[in-house]
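Colleague: Test case, fold it:
(one chain, ligands or ions: 2)
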Amino acid sequence: KEAFMRQSEQLSTITQMSAGIAHEIKNPLTALKGFMQLGAANPELRDSYNDLLLSEVNRIESIVNDFMMLAKPASSKQLEAVNIKQMIDYVLELYQSLIAEKAINIDTSINCGEYTLESDPNRFKQILINIIKNALEAVEYKGTVCIDVICDYSEAKIVVKDNGKGLSEERLKRLGEPFFTTKKDGTGLGIMVTRKMVDDLGGTIKYSSEEGKGTCVAIAFPM
Ligand code: ADP
Ligand code: MG
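Modeller: Numbers count the residues shown, from 1 in each chain. Ligands and ions are numbered 1, 2, ... in the order given. Modelled structure (predicted):
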């Protein structure tokens, strides 16, 4: 009976996820179709729709990318020595225009001593991207994002803290639920994908947050 329950629970998760994916992709597709029909009827307007078309195509692409991450088996890991500082610098570089635009203070403190982390660099990078991007999006103009890394013989711990809008207790509980987003152009898939990848790497992830004060995300990986 128990096995049956588990199977039917799995099925209903798959059903919900499929409905969610279909819905999330259908919205931008409908918009694309509409603009293409308008463009066909009014060739002189076609150029002015180009940015809109591109942004809808980008949206479909990011949804599909996130789902491809979920589908990757944990066994496809490629372990190598990962330089945590370099990875963090790379991610901050990716978002330098957002950081400059919002005049965000970035406060990093990295203490890894002689320790090196063996990890899958692609997954590791994607985890940092998802967490740091959320922190940068959560803060107001001139907000602060702190990134602390501490390594010892047993683990590498990375803490990303922001003084942004934070989350109510009710919203905190919903983190990681597929398609849960409070952003106009969010996918609500980032945290779910992050959790899966942290899990693939044998790590842990914890969120704490206070509404109006900020959010703290702590991830730890075994050395
Ligand atoms: P997305 O960023 O596309 O909305 P995520 O799965 O990354 O999807 O995040 C889901 C939701 O969790 C966000 O829409 C936001 O409401 C909340 N959230 C995540 N990180 C933070 C943070 N650092 N501060 C406040 N809210 C956050
Ligand atoms: Mg996100």
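Colleague: L32: how many residues sit nearby?
Modeller: For L32, the tally of surrounding residues (other Cβ atoms under 10 Å) stands at 17. In short, each C-beta sits where N, CA and C put it, glycine included.
Colleague: quick one: the helices in this structure?
Modeller: Ranges of helices in the chain, per DSSP state H, are 2-41, 50-71, 84-94, 96-101, 121-138, 169-174, 190-200.
Colleague: Of these, give the one that comes closest to S208.
Modeller: helix 169-174 (7.9 Å; Cβ to Cβ).
Colleague: For the protein, what lies in contact range of ligand 2?
Modeller: Selection of the chain residues close to ligand 2 by Cβ under 5 Å from the ion yields 134, 190.
Colleague: What are the contacting residues of stretch 108-117?
Modeller: For stretch 108-117, contacts defined as Cβ atoms under 8 Å, 6 or more residues apart in numbering pick out 81-85, 88, 92, 124, 146-153, 156, 221, 223.
Colleague: quick one: A218 and E155 touch, right?
Modeller: No: with contact defined as Cβ atoms under 8 Å, A218 does not reach E155; the gap is 11.0 Å.
Colleague: just checking, what packs against the worst-scoring helix or strand of the chain on mean pLDDT?
Modeller: Each helix and strand of the chain was given a mean pLDDT (mean pLDDT, DSSP states H and E); the minimum falls on helix 2-41 at a mean of 81. Secondary-structure packing of helix 2-41 (3 or more Cβ pairs under 8 Å, 6 or more residues apart in numbering; DSSP states H and E): helix 50-71.
Colleague: what's the helix it packs on in contact with?
Modeller: So helix 50-71 is contacted by 21, 24-25, 28-29, 31-32, 35-36, 126, 185, 187, 189-190, 192-193, 196-197 (Cβ under 8 Å, 6+ apart).
Colleague: Could you tell me which of those count as buried?
Modeller: 21, 24, 28, 32, 35, 126, 187, 189-190, 192-193, 196-197 (16 or more other Cβ atoms under 10 Å).
Colleague: Filtering these by proximity to ligand 1, which remain?
Modeller: 187, 189-190 (Cβ under 6 Å from any ligand atom).
Colleague: Can you tell me which of the residues you listed comes closest to ligand 1?
Modeller: G190 (2.7 Å; Cβ to the nearest ligand atom).
Colleague: So the closest one is in contact with I127, correct?
Modeller: No: applying Cβ under 8 Å, one finds G190 not in contact with I127, separated by 9.9 Å.
Colleague: neighbours around G203, how many?
Modeller: G203, neighbours per other Cβ under 10 Å, totals 21.
Colleague: Please disregard the earlier target; I meant L136.
Modeller: Neighbour tally, L136, other Cβ under 10 Å: 22.
Colleague: correct me, but it touches S97?
Modeller: No: using Cβ under 8 Å, L136 is not in contact with S97; the gap is 10.6 Å.
Colleague: which residues do these two both contact?
Modeller: Common neighbours of L136 and S97 (Cβ under 8 Å, 6+ apart) do not exist.
Colleague: Contact distance from ligand 1 - what residues of this protein qualify?
Modeller: Checking the chain against ligand 1 by Cβ under 6 Å from any ligand atom, the hits are 130, 134-135, 138, 162, 164-167, 175, 180-183, 186-191, 215.
Colleague: Quick one: buried ones out of the residues you listed?
Modeller: Members of these classed as buried by 16+ other Cβ under 10 Å are 130, 134-135, 138, 162, 164-167, 175, 187-191, 215.
Colleague: Where does confidence bottom out across those residues?
Modeller: Among those, T187 has the lowest pLDDT, at 83.
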